[in-house]
Every structure is written in structure tokens, then in C-alpha cells.
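*Asks:* Compute the structure for the input listed below.
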Amino acid sequence: MVSKRLLGFYAFVDAWLFAASALSIAMSVIWRAPNLMINFTLSVMDLTAGLVLGILLLVTFVISVFAVLQKNHVTIGLVILNWALIADGIAVIVIGSMIWFYSLHQRQNYFEVFKAVPPQTRLDIQNKFSCCGYFEFNDTVELSSGFCAATAPQFNLSNPTEFACVGPITAFTDFTLNNVFTTIYGYMAILICLFLASLCIIHQRMEVERFRKIDAKRGGRGFV
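*Replies:* Presented below is the predicted three-dimensional model:
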């Protein structure tokens, strides 16, 4: 008989796995809604990667439920679960590292994004942070209306970086990206714990089955 404490730990970690999958799917969907800075910070590829990761974790959760509900002598479900957990771990490392590496060069990376977005988006960002241009006033600035159009005559062009947008933009993107990739990396703790719990259950089930077969050979009389 598998230890009740072990099964309780397995169920506890499994609940966290479901929570991780729900969080990944929910945020990947919610963050697709119109939101100036979230849409600027996270690309469609980032959100799609998060959605795929959430679906992988959800599929693994379903496997884990069916695996643990199988009869004691059946361990193939748990073996499949362990391979699924390894695949999830690889996905977590790849996606988390992709976002982490992108965050290391935010100033230059988001300069490319800033140049690529529509003029209206640049204008909205300038108005939001009361800034003009990205690295300095005269690069990619939008002067059609808003904060920059109203205050341009007052700018000291001898110090064109005074009202640059790079500071407030990367402050937001740094906070967002750091939270995203640390959360994704945090999923590894869940996957490792569930993997170890699964191995322990497999071991206990195999041990129980071995003693059952020995007992059957002895005519069901046990060892006493």
C-alpha cells in the first residue's frame, strides 16, 4: 500500500501544477487585450510561448491524475508522467531563458521595438511618461500632439537626453520581464517535486507488487 503521506504530498504538488497551468494560460490570454505597455513589452510570440507552456502543464496534470488512479501494480501511467515532466522542464528552461536573455539587453531591444511600433503608440508612450524620443529628444520623437508638442520649445537641446523615454520604459519592461521569467523558472520546483513523488510512488508500488507475488507463491500464508 502506498503511503498516505506520499499520496498527500503528490496531490499537494499536483494542485500547484494545475495552478501553474491555469496561470500561464490565463495571463497569456488576458495580456492579449489592448494594454499600452503590456502590448509594448510582450510580443505575440512571448504570449504564444506562454500559452503553449500552460497547455503542456495542463496536459501533464491530466496525465498525473490518471496515473495515480491506476491500480497499484500498474506503473506505466507514472512512467509516462515522468517523461511528460521532463518535456515540461525543457520547455520551462527554454522559454524562461529566452525571456531572461532578452531582458539583459532591454535598452537596445526596446529601442528597436519603439522604432517599429506605429507613431500613435510612440505618442501614447510619450504622453504616459511625459518624455520625448527614446535615447534622446531628437530620435524617434513624435511631435504631432501631446506632451512633446506642447513642451518642445522649452527643451534644452544642449541636453537632449533630459526627457528621454528609455528610463521609464525600461523600468516598466524590466519589472515585467523579471516577474515573468522568475515565475516560469519557479515552475521547475513544482516539476521536480512531482517527478520525485512519482518515482517514490513507482518504487512503493513495485515493492508492494513484489511482496504480493512472493506471498502468492507461499500460498498466501505471508512470512510468519
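*Asks:* drop to CA atoms for contacts and neighbour counts, all remaining ones
*Replies:* Fine.
*Asks:* Quick one: the helices in this structure, in order.
*Replies:* 4-30, 36-41, 44-69, 76-103, 106-116, 119-129, 146-151, 166-217 (DSSP state H).
*Asks:* do you know which of those lies nearest Glu136?
*Replies:* Closest approach to Glu136 among those is made by helix 166-217 (8.5 Å; Cα to Cα).
*Asks:* what's the closest one packed up against?
*Replies:* helix 4-30, helix 36-41, helix 76-103, helix 106-116 (3 or more Cα pairs under 8 Å, 6 or more residues apart in numbering; DSSP states H and E).
*Asks:* just to revisit the earlier point, out of the helices of the chain, nearest to Thr140?
*Replies:* helix 106-116 (6.5 Å).
*Asks:* quick one: average pLDDT of the closest one?
*Replies:* Averaging pLDDT along helix 106-116 yields 93.
*Asks:* Buried ones in it, by neighbour count?
*Replies:* 106-107, 110-111, 114 (16 or more other Cα atoms under 10 Å).
*Asks:* Next: stretch 189-197.
*Replies:* So stretch 189-197, judged by 16+ other Cα under 10 Å, has buried residues 190-192, 194-195, 197.
*Asks:* From these, pick the one nearest Ala19.
*Replies:* Ile190 (10.3 Å).
*Asks:* distance of the closest one from Val92?
*Replies:* Between Ile190 and Val92 the distance is 11 Å, computed by Cα to Cα, to the nearest Å.
*Asks:* Could you do Leu123 as well?
*Replies:* Distance from Leu123 to Val92, counting by Cα to Cα: 36 Å.
*Asks:* Once you drop chain neighbours, what's closest to the residue nearest the centre of the chain?
*Replies:* When Cα atoms, centre = their mean is applied to the chain, the residue found nearest the centroid is Ile184 (3.3 Å). Closest residue to Ile184 apart from its sequence neighbours, by Cα to Cα, 6 or more residues apart in numbering: Gly96 at 5.7 Å.
*Asks:* Please name the residues that touch the one you found.
*Replies:* 180-182, 184-185 (Cα atoms under 8 Å, 6 or more residues apart in numbering).
*Asks:* gap between the two ends of stretch 22-41?
*Replies:* 22 Å.
*Asks:* Relative to the whole chain's centre, how far out is that stretch?
*Replies:* Stretch 22-41 sits 12 Å away from the centroid of its parent chain (Cα atoms, centre = their mean, to the nearest Å).
*Asks:* Relative to Phe181, how far out is Ser64?
*Replies:* Counting by Cα to Cα, the gap from Ser64 to Phe181 is 25 Å.
*Asks:* So which residues lie in contact with stretch 30-46, not counting its own?
*Replies:* Contacts for stretch 30-46 (Cα under 8 Å, 6+ apart): 47, 99, 110, 113, 121, 124-125, 172-173, 176-177.
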